[in-house]
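Student: Make a model of this:
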Amino acid sequence: MRAAPTSRNAPSRSRRRAQQLRRRRARRRLTLGIALVGALAVVGGVTVNLLGQDGTPGGSGPTAQARAIPPLGETPAPDAIEPSAAPPSTQPGSTPPSTPAQANGRGKGTFTTAAANGAAVGHGTIRRYKVEVEDGIGIDPQATAAQIHSILSDKRSWTTDGRNGFQLVSDGTYDFTVKIASPETVDKICATAGLSTGGEVNCDVGRQVMVNIKRWTSGSPQFTGSIDDYRALIVNHEVGHRIGHGHEGCPGKGKLAPAMMQQIYGLNGCLPNAWPYTADGTYISGPSVP
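Tutor: Next up is the predicted model:
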């Protein structure tokens with residue numbers, strides 16, 4: 001019996017098959033690499049800038065999403081807004097929606113910083129602050145930052161005292177953070193300072209102003225003003241603690257309640273009020289209470 005003849009073309013066919021296999025593997029690796037880079041870019045744009053412009057861990061330098069917020073009552077010029085990888089749903093200076101349809105009390109325990117910067121307002125000590133929103137509660141960080149900036153820029157707020165000013169920032173050094181969070185997260189953070197918020201109220205602890213999502217979206221049954229007015233009360237009350245003010249009581253039946261009064265627990269004959277000052281610059285005060 002003779003052995004089957006060996007084909008002269010067999011080695012060349014083997015080499016061609018090996019080359020084709022290597023090319024297919026290279027194409028798959030390239031496709032996978034492009035998809036992975038794209039996915040990382042989306043994650044970085046939506047929640048947090050993980051790397052700075054030089055490829056090092058970010059957090060201290062400007063980001064592509066940072067944008068200017070004009071003073072209250074002004075609208076931004078077309079060139080006042082820097083390019084954004086993920087444009088916010090609300091333009092700076094406009095009125096954010098008062099009742100976000102997606103708002104809920106279930107948070108993830110992680111926070112997204114509002115990518116927004118504003119000009120300093122007021123005189124004296126300028127405190128730089130950030131705005132952060134807990135992931136999963138359905139609140140837009142940019143719209144929230146715009147509203148808080150507008151509140152602290154209002155002439156009825158704390159800048160009227162001539163000693164305190166504020167500046168919204170998204171990175172770099174800062175003095176405090178306003179955080180909107182779920183009841184569970186607020187309770188947990190406030191408890192680190194021995195404060196019991198019971199899933200209902202806000203607190204000021206460390207460098208954090210903790211705002212309960214219930215209060216931010218639902219207000220208080222004791223407060224008959226609008227939800228925007230109640231948000232102003234939240235910010236003015238907690239920032240008031242931040243700059244050294246204690247609690248105050250009702251100055252008399254039919255008078256405006258001080259912003260430093262704990263109005264959620266009852267007005268005691270006073271009228272609901274969100275602001276520490278009147279429009280003409282008069283401080284709305286009451287007797288000091290614990």
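Student: What sits closest to residue 113 if chain neighbours are left out?
Tutor: Nearest non-adjacent residue to residue 113, counting by C-beta to C-beta, 6 or more residues apart in numbering: residue 132, 5.1 Å away. Quick note: C-beta positions are derived from backbone N, CA and C, even for glycine.
Student: Can you tell me the element the one you found falls in?
Tutor: In the assignment (DSSP states H and E), residue 132 maps to strand 125-134.
Student: Could you give the average pLDDT over the next helix or strand after that strand?
Tutor: Downstream of strand 125-134, the next assigned helix or strand under DSSP H and E is helix 141-153. The average pLDDT within helix 141-153 is 98.
Student: Kindly report the same for stretch 167-176.
Tutor: On average, stretch 167-176 scores 97.
Student: Send me that stretch as PDB with only the CA atoms.
Tutor: Provided in PDB are the C-alpha atoms of stretch 167-176 (Å, rounded to 0.1, in the frame of the first residue of the first chain):
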ATOM      1  CA  GLN A 167     -19.600  81.700  45.800                       C
ATOM      2  CA  LEU A 168     -20.800  78.500  44.100                       C
ATOM      3  CA  VAL A 169     -17.900  76.300  43.000                       C
ATOM      4  CA  SER A 170     -17.600  72.800  41.500                       C
ATOM      5  CA  ASP A 171     -14.000  72.100  42.400                       C
ATOM      6  CA  GLY A 172     -11.000  73.400  44.200                       C
ATOM      7  CA  THR A 173     -11.100  74.600  47.800                       C
ATOM      8  CA  TYR A 174     -14.400  75.100  49.400                       C
ATOM      9  CA  ASP A 175     -15.900  75.900  52.900                       C
ATOM     10  CA  PHE A 176     -19.000  73.800  52.900                       C
END
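Student: I figured residue 193 was touching residue 206, is that so?
Tutor: Yes. Look at residue 193 against residue 206 with C-beta atoms under 8 Å: they come within range, at 6.9 Å.
Student: Partner strands of the strand holding residue 132, with direction?
Tutor: strand 111-113 (antiparallel), strand 164-168 (parallel), strand 176-181 (parallel) (DSSP bridges).
Student: right, so of those, which gets closest to residue 265?
Tutor: Set against residue 265 and scored by C-beta to C-beta, the strands paired with strand 125-134 come closest in strand 176-181, at 21.2 Å.
Student: Can you list the neighbours in contact with the closest one?
Tutor: Here strand 176-181 makes contact (C-beta atoms under 8 Å, 6 or more residues apart in numbering) with 107, 111, 127, 129-134, 137, 139, 144, 148, 189, 207-213, 216, 235, 238, 242.
Student: Pull out the buried positions in stretch 282-290.
Tutor: 284, 285, 286 (16 or more other C-beta atoms under 10 Å).
Student: now stretch 237-257
Tutor: 237-242, 245, 247-251, 256-257.
Student: Could you dump those into a markdown table with distance to residue 176 and pLDDT added?
Tutor: A markdown table is the format used below for the buried residues of stretch 237-257 (distance: C-beta to C-beta, whole Å; pLDDT from 0 to 100):
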| residue | distance to residue 176 | pLDDT |
| --- | --- | --- |
| 237 | 14 | 97 |
| 238 | 9 | 94 |
| 239 | 8 | 96 |
| 240 | 12 | 96 |
| 241 | 10 | 94 |
| 242 | 6 | 93 |
| 245 | 14 | 97 |
| 247 | 19 | 97 |
| 248 | 21 | 98 |
| 249 | 26 | 98 |
| 250 | 28 | 98 |
| 251 | 28 | 98 |
| 256 | 27 | 98 |
| 257 | 24 | 98 |
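Student: of those, closest to residue 153?
Tutor: residue 239 (12.3 Å).
Student: State the three-state secondary structure for that closest one.
Tutor: helix (DSSP: H, G, I helix; E, B strand; the rest coil).
Student: Looks like it contacts residue 211 (just checking).
Tutor: No. Look at residue 239 against residue 211 with C-beta under 8 Å: they stay out of range, at 10.9 Å.
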